[in-house]
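J.: pasting a predicted model and its sequence here:
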Amino acid sequence: MATLELWLEEFRALGYVTGSEMRVLEQQDDTVPDAGLIVVDLSKAATISYLQPVDGSGGAWKVTMEARDTTIELGPVELLNLGNEVNVLSALCAFLEVKSRALLALKAGC
């Protein structure tokens, strides 16, 4: 989890503009101690999205978007802002993949 916190801070320092709240949460996984995932609350989507590594993928990550209970209606500016949040979410996922693959390569070289 500490590594994810550092990576999230490094990503934030890149300056992406988003209205989303991003945080690291502990992942309930008995096989991997101190595992975590990154949760992103999209401001206008009324849903929670979370990013986590894909098991056995060599460092790939995926984004899961939970179902919404309600319909959302957005005007053009709100929709554009939501689209930007999704773009930043994609950039975060790609950033985490790069960091994970580099970490795995470092561990393999030890």
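T.: Noted; the coordinates are in hand. Residues are numbered from 1 along each chain as shown.

J.: for the residue nearest to the spatial centre of the chain, which non-adjacent residue is spatially closest?
T.: The centroid of the chain falls nearest to residue 51 when counting by Cα atoms, centre = their mean (3.8 Å). With Cβ to Cβ, 6 or more residues apart in numbering as the criterion, residue 51 has its nearest non-adjacent residue at 4.5 Å, and that residue is residue 38. For every residue, glycine as well, the C-beta is placed using N, CA and C.

J.: just the mean pLDDT for the stretch of helix or strand that neighbour belongs to, thanks.
T.: Residue 38 is located in strand 36-42, with elements delineated by DSSP states H and E. The predicted model assigns strand 36-42 a mean pLDDT of 91.

J.: name every strand pairing with it and say which way it goes.
T.: Its sheet considered, strand 36-42 pairs with strand 21-26 (antiparallel), strand 47-53 (antiparallel) by DSSP bridges.

J.: highest average neighbour count across the ones you listed?
T.: Mean neighbour count (mean count of other Cβ atoms under 10 Å) peaks for strand 47-53 among those, with a mean of 18.

J.: quick one: mean pLDDT for it?
T.: On average, strand 47-53 scores 91.

J.: restricting to C-alpha, output it in CSV.
T.: Coordinates of each C-alpha in strand 47-53 appear next as CSV, following Å, rounded to 0.1, in the frame of the first residue of the first chain:
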residue,chain,number,x,y,z
THR,A,47,-20.3,5.8,-9.3
ILE,A,48,-17.1,4.6,-7.8
SER,A,49,-14.3,3.3,-10.0
TYR,A,50,-11.3,1.4,-8.8
LEU,A,51,-8.0,0.4,-10.3
GLN,A,52,-6.2,-2.8,-9.5
PRO,A,53,-3.5,-5.0,-11.0
